[in-house]
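Colleague: structure of the sequence below:
(one chain, ligands or ions: 1)
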Amino acid sequence: MKINHIKQKEHLEPEFIRRSLGASIFTRNMIYHHRLDSTNRLANDLASQGAQEGTLVLTEEQSAGRGRLGRSWFSSGYSNLLFSLLLRPQMQADRVFILTMILALAASDGAEEICKVKPLIKWPNDLYVGRKKLAGILSEVSTKVKAVEYVVLGIGLNVNWKPGNQEGLLYPATSLFNETGRMISRNELLIAILKKFEGYYGDIISGEIAPYYERWNELSAIIGRTIEIDAAKEKIRGKAVRINQDGALVVEDQKGQEQTILSGDVSVKF
Ligand code: BTN
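Modeller: Reported below is the predicted structural model:
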């Protein structure tokens, strides 16, 4: 196999990204570092110092990537997408999951457009291809009374990573390279995701939410499946029925009763 060294070492190109996005909120304050501890950490710090909506923090590698539930996020350098978006939507804090939902949709749609892979969404905010995790989203919110002051949405998406030894990973993982057998342009993929996200965000802000719920349920990897959830106090086993208007997962438990789960770690029973 001929190895294309240029493509393998493709760097993110902030200028190319900026030009391709044109008039976008994400070109207002685009911050690129070769290496950071965590894009979410930096985006949160900038937000607390008053950075504007649309601030985009991009990096090639992280030394202390943050995952959900206090976990770490590991990614090989210069091969994946690692970025955080700062938003200042006028919305109640309990609606923020909608933003996570549209970032998951944008990432799935972007992957489909650029490399014809259609990842599914594993509630609440992971992307999966088959049984393997492709991406994870970490949303961090700062509130004033019950309203959102700002939200940082961070995503780690495995693009050109070549999965080898997966020891130490909590879940089996994959990448777009692994799914397609070819190197994917991270620049093109990032541009596609950001364009889609901005369109969806505009709709959400103007109140057009229903179609996104529908798409979210359609793309859900777990609806109709038997699942086990590690919720706050207990383990619940049952059938995933739907994701409701609050972003909560509705599960039919083993007694045939519906339970609404607001957060937790889901495993699918195959
Ligand atoms: C998860 O699945 O647990 C969520 C992982 C989120 C990782 C991304 S990588 C870019 C951004 N910066 C971080 O420190 N975390 C998020």
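
Colleague: so who does Gly224 touch?
Modeller: Going by Cβ atoms under 8 Å, 6 or more residues apart in numbering, Gly224 touches Lys239, Ala240. No exception for glycine: its C-beta is placed from N, CA and C like everyone else's.

Colleague: please apply the same query to Glu179.
Modeller: Contacts for Glu179 (Cβ under 8 Å, 6+ apart) come out as Cys115, Val117, Val129, Leu134.

Colleague: tell me which element the residue in the stretch 51-200 of the chain that the ligand sits nearest to falls in.
Modeller: Residue nearest to the ligand within the stretch 51-200 of the chain (Cβ to the nearest ligand atom): Gly136, separated by 2.0 Å. Following DSSP states H and E, one finds Gly136 within strand 132-144.

Colleague: which is the next helix or strand following the helix or strand bottoming out on mean pLDDT in the chain?
Modeller: The least trusted helix or strand in the chain, going by mean pLDDT, DSSP states H and E, turns out to be helix 5-8, with a mean of 48. Later in the chain than helix 5-8, the nearest helix or strand by DSSP H and E is helix 14-21.

Colleague: tell me the buried residues in that following helix?
Modeller: Ile17, Arg18, Ser20, Leu21 (16 or more other Cβ atoms under 10 Å).

Colleague: near the ligand, which residues of the stretch 101-250 of the chain?
Modeller: Residues of the stretch 101-250 of the chain that fall close to the ligand, judged by Cβ under 6 Å from any ligand atom: Asp126, Gly136, Ile137, Leu138, Gly154, Ile155, Gly156.

Colleague: identify the farthest-apart pair in those.
Modeller: The largest separation in these, counting by Cβ to Cβ, is between Asp126 and Gly154 at 13.2 Å.

Colleague: check which helices and strands the strand holding Gly136 sits against.
Modeller: Strand 132-144 sits against helix 39-48, helix 97-115, strand 126-129, strand 147-157, with contacts defined as 3 or more Cβ pairs under 8 Å, 6 or more residues apart in numbering; DSSP states H and E.

Colleague: turn these into a markdown table, including mean neighbour count, distance to Ala240 and mean pLDDT.
Modeller: As requested, those are arranged in a markdown table below (neighbours: other Cβ atoms under 10 Å; distance: least, Cβ to Cβ, whole Å; pLDDT from 0 to 100):
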| stretch | mean neighbour count | distance to Ala240 | mean pLDDT |
| --- | --- | --- | --- |
| helix 39-48 | 21 | 28 | 98 |
| helix 97-115 | 22 | 16 | 96 |
| strand 126-129 | 23 | 14 | 96 |
| strand 147-157 | 22 | 23 | 97 |
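
Colleague: tell me which of the ones you listed lies nearest to Tyr212.
Modeller: helix 97-115 (6.0 Å).
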